[in-house]
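Asks: Sequence and predicted structure below; questions after.
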Amino acid sequence: MKISIYPEDIVKRCLWDSFTYYIVGSEKEAEKILKENKEFELSERDAVVIGLLKVIETDNFIHRFNDYLIHFLSVRSIKDKDNFLIKKKSVETAIDKFVDKFPDYWTPDLGYKQSLDDLILYVNDLRGKIEKIEIIKLSVQNVMYEFYNTNSVKKLLNFNNY
């Protein structure tokens, strides 16, 4: 099965980073493809690899981000006594990785532009709140790591007001 799609549609579905990494292989080539924005055929295998077959189109990027972060926290947290912890650096990296799904060379239409602007404001606000969370320091094999309580991070996510 072949899937006909425009490059911009891949960005709108928050899959551009995966498409660039797994399918195109080069940021420069990906930029060229997106700027041309010509319809092309994507194989079913490639669609599965980037996750295209399991997403629904929406312009609510904040909701997508919250789902992404909740999944990340669920998968990457470790249990320590009665708490679930997540490495501080991992949370920062995950947030940056989601924002990378929208390349600087993408020019969204009006509806998606507003959603992207709202996402950036939301993420910047969330970063400020996360910096205020209590840091838990644990030593693992004589190396000191900084962790957040996973539930503290989840409580900062706002599903209603954006």
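Replies: Sure, I can see it. Numbering: from 1, shown residues only.

Asks: which residue lies farthest from the center of the chain?
Replies: What lies farthest from the middle of the chain is residue 142; by CA atoms, centre = their mean that is 32.0 Å.

Asks: need the contact list for the spatially closest residue to residue 13 that is not a sequence neighbour.
Replies: Once flanking residues are discounted, residue 13 sits nearest to residue 55: 4.8 Å by CB to CB, 6 or more residues apart in numbering. C-beta coordinates here come from the backbone N, C-alpha and C atoms, glycine included. Residue 55 sits next to 13-15 when contact means CB atoms under 8 Å, 6 or more residues apart in numbering.

Asks: For residue 82, give me the pLDDT.
Replies: Per-residue pLDDT puts residue 82 at 86.

Asks: quick one, phi psi at it?
Replies: Backbone torsions of residue 82, given as degrees, to the nearest 10, read phi -100, psi 0.

Asks: any idea where the helices of this protein begin and end?
Replies: Using DSSP state H, the helices of the chain run over 7-12, 16-18, 27-36, 44-50, 61-76, 88-99, 110-131, 150-156.

Asks: For residue 138, find the nearest of the ones you listed.
Replies: Taking CB to CB, helix 88-99 is the member of these nearest to residue 138, at 11.0 Å.

Asks: Give me the residues contacting the closest one.
Replies: By CB under 8 Å, 6+ apart, helix 88-99 touches 14, 17, 65, 68-69, 72-73, 76, 119-120, 123, 126-127, 130, 135, 146-148, 153.

Asks: List buried residues within the residues you listed.
Replies: For those, a neighbour count by 16 or more other CB atoms under 10 Å gives the buried set as 14, 17, 65, 68-69, 72-73, 119, 123, 126, 130, 147-148, 153.

Asks: tell me the centre residue of this structure?
Replies: residue 98 (2.3 Å).

Asks: Please report the distance of it from residue 18.
Replies: According to CB to CB, to the nearest Å, residue 98 and residue 18 sit 12 Å apart.

Asks: The strand ranked longest in the chain packs against which elements?
Replies: Ranked by residue count, the top strand of the chain under DSSP state E comes out as strand 143-149. Applying 3 or more CB pairs under 8 Å, 6 or more residues apart in numbering; DSSP states H and E, we find strand 143-149 packed against strand 83-87, helix 88-99, strand 136-140.

Asks: Excluding its own residues, what touches that strand? List them.
Replies: Taking CB under 8 Å, 6+ apart as the rule, strand 143-149 contacts 80, 83-89, 91, 130, 133-139.

Asks: Deepest-packed of the helices and strands packed on strand 143-149, please.
Replies: Greatest average neighbour count among those goes to strand 83-87 (a mean of 19), per mean count of other CB atoms under 10 Å.
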